[in-house]
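> Need the 3D shape of this:
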Amino acid sequence: MSYWFGNDNRLPQQRLAIVSYIIVGMVGVLLIGFWKLQVIDSDKFLQWAERNRVRSIPVIAPRGRMLDRDGRVLVDNYPSFSVLLLRDDPAQVEKNLPAISEGLGIPIQDLKEQLQQSRNLKNFQPIVIKPEASKADVAFIDSHRTDIPLLEMLMVHRRRYLPGGFMAHASGYVGEVSEQQIEASNGRFRPGDFVGKSGLERQYNDLLQGTDGMRRVVVNSVGKEVDHLPTQEAIPGKQIQLTIDSDLQQVAEQSLGARDGAVVALDPRSGEILAMVSHPAPDSNDFAVRISNEEWKALNDDPGKPLLNRAIQAQLAPGSVFKIIMATAMLEDKVPPASFTAFCPAYATFYGRQFKCWVYGKSSHGVVDLHKAIVESCDIFFYNVGQRLGIDRISYYATHLGLGHRTGVDLPSEETGLVPSEEWVQRVFHRKWYAGETISVAIGQGAVTATPLQLARVIGGIAMGGVFKQPHLLKDAPNVGEERFNISESTVEKVTDAMYGVVNEAHGTAGALKLTGVDFSGKSGTAQIINYDLRTRLGKGKQFKDNSWFVGYAPRRTPEIVVSVLVQAGGHGSEAAGPVVRDVVKAYYDKKMKKTDGTVTAENKENKRPSLGSAAPAAAIQPVLKPREPAVVERAAQSEDPQ
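The predicted model follows:
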């Protein structure tokens, strides 16, 4: 009996000990959990609690404005609203998607795709599901705040550009940030953000962008705002002032009209670009909200290539404008000597092949020296110069005078053009250079190509005595580059006198462009896009018309303005491109002499736009662009039409 009673006394003690250990362990676990909750993870749970009570809505910073050189607004902003979707509770988002789709008129599949694209973002970060809210959208969101608390209005500042594609390629446009840009931004960009995609918007995006702020509000259990917390104000983007003169820009736009081409006006003394036009051009306002896939595809498939900035990207044969480079090379290299003359019967034979002058079948130039060759644009003279110089010497001078490489303009995607050489043809085509190809290059045909900006800089630099400033669009830009190439005063004098004769002498190819009271000089060019024999067989349809060039400047020495104009499929250089140059130069001097009180118009009244005044609204300028036929960009070896 005593054994059993003793055993009964021990058993409860063991049980009590086990229970005590369990209780102590549970208390320890609770204490550890309490420590974890209150100390280790306190910040995380506090943030969760705050997000249930406090809603953070971004405040979008307005982009900086763009002003012209006189302080007039070229690119501005206007207020708008976007629709935000709050994704804190994925279950609620999924439940309310059909109602949101119906209320905002967004296909439910589009909403699901947007959610899928933002899957890598944290749930507390809202996303933009409709960039431009209508009045009906605002009414829907306000009336459904209780049952659909997932929607918020976000005030944004949309870009406002001058309509009709005015300065569209220079200013560029904005667009929604891509996934790649979001990943590379280190948290700076969110889905739905807008950044510069082209032109100055892209080049100076970091200056224009600004820093977004944050608006914080206290909400109740159904998402209704009940209080406001201090707001972190947005920091607007910086305003930039451009070198563009909106008066000259307007004249250039309307003078070029509905034709495919480009206009560049710059001050060769500083490199400041006064006007830059490229037609056809899109309306940058179409990108200010969100362009549809169909519209984007239509722009890319358009044979007129409206997204191509012809001022810096059109790489075309420069035609007879290249003769100024040939003349400079001849005088500096002394091959042939400055006294060299050639007889022009309107054709000549080189390396067993006949090459024609542009006056072939109409007249001939007779005995021609350098001055007459430039003034009357004699091809035969420059064929002979090219034969004697050879392709590598031509390449040397053309490259050092500014062709074949980028100018360094502060715009993205500038093209280089091409200056052929023996090394180039060997590297690219793995063959030798044929001497007969030099004959074509000597008059700016064949393989040589240039952009309108390059030609403006080259001609302006030669007239400046070999000083080539870096073109730029930002006023007072720091560290403007400069290239120098030693050109003798004698060469500058002979070449500039000849370009003055092109416009002002009786037999000059651009005599109709003479300006009273202005020391206007220049050089015309007519570049074929298919060769003479082939065009004769196919017929002289518009699609085979020559590209028209004219580069003019004033005054004759140390010019203040140089204007380069390309009119694709325009025909004769002096007839199609020349009047545009004349209009811009005349407008420059009219404004300088204060003859028009700041209002200037082109002499060509077709597609006339109203003047840009300092207080003129954006809608004051009407679009002038019309659809145009595609241009053929093949080049030929001979010249046929007036230069």
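> tell me the contacts of the closest residue to residue 243 other than its chain neighbours?
Using Cβ to Cβ, 6 or more residues apart in numbering and skipping the chain neighbours, the partner closest in space to residue 243 is residue 272 (3.8 Å). For every residue, glycine as well, the C-beta is placed using N, CA and C. By Cβ atoms under 8 Å, 6 or more residues apart in numbering, the contact set of residue 272 is 69, 243, 266, 471-472, 475.
> which two in the residues you listed are spaced the farthest apart?
Spanning the widest gap among those are 69 and 471, at 14.5 Å by Cβ to Cβ.
> for residue 566, which residues make a bridge with it?
For residue 566, the beta-bridge partners under DSSP bridges are residue 262, residue 549.
> Equivalent analysis for residue 348, please.
residue 355.
> pretty sure it contacts residue 383?
Yes: contact criterion Cβ atoms under 8 Å: residue 348 and residue 383 qualify, at 5.9 Å.
> did I read that right, residue 522 in a helix?
No: counting by DSSP: H, G, I helix; E, B strand; the rest coil, residue 522 is not part of a helix but strand.
> and it, bridged to which residues?
residue 552.
> Distance of it relative to residue 197?
Using Cβ to Cβ, to the nearest Å, one obtains 35 Å as the distance from residue 522 to residue 197.
> neighbour count winner among the two?
The neighbour comparison of residue 522 against residue 197 (other Cβ atoms under 10 Å) goes to residue 522, with 31 against 18.
> That one contacts residue 513, correct?
Yes: with contact defined as Cβ under 8 Å, residue 522 reaches residue 513; the gap is 7.4 Å.
> ok so, going back, got the phi and psi for the residue nearest to residue 243?
phi -70, psi 130 (degrees, to the nearest 10).
> Name the helix or strand for residue 206, please.
helix 205-209 (DSSP states H and E).
> Against which helices or strands is the very next helix or strand once past that helix packed?
For helix 205-209, the following helix or strand on the C-terminal side (DSSP H and E) is strand 213-219. The contact analysis (3 or more Cβ pairs under 8 Å, 6 or more residues apart in numbering; DSSP states H and E) places strand 213-219 against strand 54-59, strand 225-228.
> Pull the contacting residues for residue 209.
If you count contacts by Cβ under 8 Å, 6+ apart, residue 209 has them with 61, 63, 195-196, 237.
> Neighbour-wise, which one of these leads?
residue 63 (26 neighbours).
> quick one: contacts for it?
77, 157, 159, 174, 208-210, 236-237.
> start to end distance for stretch 508-523?
10 Å (Cα to Cα, to the nearest Å).
> about what we covered before: between residue 348 and residue 383, who's got more neighbours?
Set residue 348 next to residue 383 and count neighbours by other Cβ under 10 Å: residue 383 wins out with 25 against 20.
> Roughly how far does the more buried one sit from residue 399?
21 Å.
> Then residue 328?
13 Å.
> Residue 509 too?
Distance of residue 509 to residue 399, given as Cβ to Cβ: 27 Å.
> re earlier: what touches both of residue 348 and residue 383?
By Cβ under 8 Å, 6+ apart, the residues touching both residue 348 and residue 383 are residue 355.
> related to what we said a few turns ago, can you work out which residues contact both of residue 522 and residue 513?
The contact lists of residue 522 and residue 513 share 503, 552, 578, 581, where a contact means Cβ under 8 Å, 6+ apart.
> isn't the third one right next to residue 508, touching?
Read that as residue 578. No: at 10.8 Å, residue 578 and residue 508 do not qualify as touching, with contact defined as Cβ under 8 Å.
> which residues touch the residue most central in space within the chain?
In the chain, the residue lying closest to the centroid (Cα atoms, centre = their mean) is residue 199, at 2.7 Å. By Cβ under 8 Å, 6+ apart, the residues touching residue 199 are 168-173, 309, 411-412.
> Specify which member of those is nearest to residue 120.
Using Cβ to Cβ, residue 173 is the member of the contacts of residue 199 that sits closest to residue 120, with 27.2 Å.
> that older thread, and the contacts of residue 199, which two are the farthest apart?
168 and 412 (14.5 Å).
> between these two, who's got more neighbours?
Each of residue 168 and residue 412 has its neighbours counted (other Cβ under 10 Å); residue 168 has more, 30 against 16.
> what are the phi and psi values for the more buried one?
Torsion angles, degrees, to the nearest 10, at residue 168: phi -60, psi -40.
> what's the closest non-adjacent residue to it?
Of all residues not flanking residue 168 in the chain, residue 281 sits nearest, at 4.0 Å (Cβ to Cβ, 6+ apart).
> The lengthiest strand in the chain: partners in the sheet, and parallel or antiparallel?
Using DSSP state E, we find that the single longest strand of the chain is strand 73-85. Under the criterion DSSP bridges, strand 73-85 sits next to strand 66-67 (antiparallel), strand 127-130 (antiparallel), strand 151-161 (antiparallel) in its sheet.
> Return the distance of the strand or helix carrying residue 277 from the chain's centre.
If you go by DSSP H and E, residue 277 is part of strand 272-279. In terms of Cα atoms, centre = their mean, to the nearest Å, the gap separating the centre of strand 272-279 from the centre of its chain is 11 Å.
> can you check stretch 570-583 too?
Distance, centroid of stretch 570-583 to centroid of chain: 25 Å (Cα atoms, centre = their mean).
> Next: stretch 172-192.
18 Å.
> residues making contact with that stretch?
58, 63, 82, 114, 117-118, 121, 125, 127-128, 131, 159, 161, 193-203, 282, 284, 286-288, 290-291.
> go again using 7 Å as the cut-off
117-118, 125, 127-128, 131, 159, 193-202, 284, 287-288, 290 (Cβ atoms under 7 Å, 6 or more residues apart in numbering).
> rewinding a little: looking at residue 509 and residue 399, which one has more neighbours?
residue 509 (29 against 15).
> Now for this structure, the helix or strand with the poorest mean pLDDT.
Between all helices and strands in the chain, the lowest mean by mean pLDDT, DSSP states H and E belongs to helix 532-538, at a mean of 46.
> Next, count neighbours for residue 162.
29.
> pLDDT value on it, please?
Here the pLDDT value assigned to residue 162 is 95.
> next one: residue 131
Value for residue 131, per-residue pLDDT: 83.
> my guess is it meets residue 288, correct?
No: using Cβ atoms under 7 Å, residue 131 is not in contact with residue 288; the gap is 9.4 Å.
> more neighbours, those two?
The neighbour count for residue 131 versus residue 288, taken as other Cβ under 10 Å, is higher for residue 288 (21 against 18).
> Next up, the contacts around that one.
158-159, 174.
> List just the nearest of those to residue 395.
Among the contacts of residue 288, and counting by Cβ to Cβ, the member closest to residue 395 is residue 174, at 40.6 Å.
> burial count for the closest one?
Neighbour number of residue 174 under other Cβ under 10 Å is 26.
> Ok, the one 4 residues further on next?
With neighbours defined by other Cβ under 10 Å, the count for residue 178 comes to 13.
> In this protein, which helix is the longest?
helix 2-35 (DSSP state H).
> Quick check: the residue nearest to residue 168 touching residue 306?
Yes: at 5.8 Å, residue 281 counts as touching residue 306 under the criterion of Cβ under 7 Å.
> CA atoms of whatever helix or strand residue 496 lives in as PDB?
Remark: residue 496 resides in helix 489-504, with elements defined by DSSP H and E. Extracted C-alpha coordinates of helix 489-504, given in PDB (Å, rounded to 0.1, in the frame of the first residue of the first chain):
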ATOM      1  CA  GLU A 489      42.400  85.200 -96.700                       C
ATOM      2  CA  SER A 490      42.900  85.000-100.500                       C
ATOM      3  CA  THR A 491      40.800  81.800-100.700                       C
ATOM      4  CA  VAL A 492      38.000  83.300 -98.500                       C
ATOM      5  CA  GLU A 493      37.900  86.400-100.700                       C
ATOM      6  CA  LYS A 494      37.700  84.500-104.000                       C
ATOM      7  CA  VAL A 495      35.100  82.000-102.800                       C
ATOM      8  CA  THR A 496      32.900  84.600-101.100                       C
ATOM      9  CA  ASP A 497      33.100  87.000-104.100                       C
ATOM     10  CA  ALA A 498      32.000  84.100-106.300                       C
ATOM     11  CA  MET A 499      29.000  83.300-104.000                       C
ATOM     12  CA  TYR A 500      28.100  87.000-104.000                       C
ATOM     13  CA  GLY A 501      28.100  86.800-107.800                       C
ATOM     14  CA  VAL A 502      25.700  83.800-107.800                       C
ATOM     15  CA  VAL A 503      23.000  86.100-106.500                       C
ATOM     16  CA  ASN A 504      24.100  89.500-107.700                       C
END
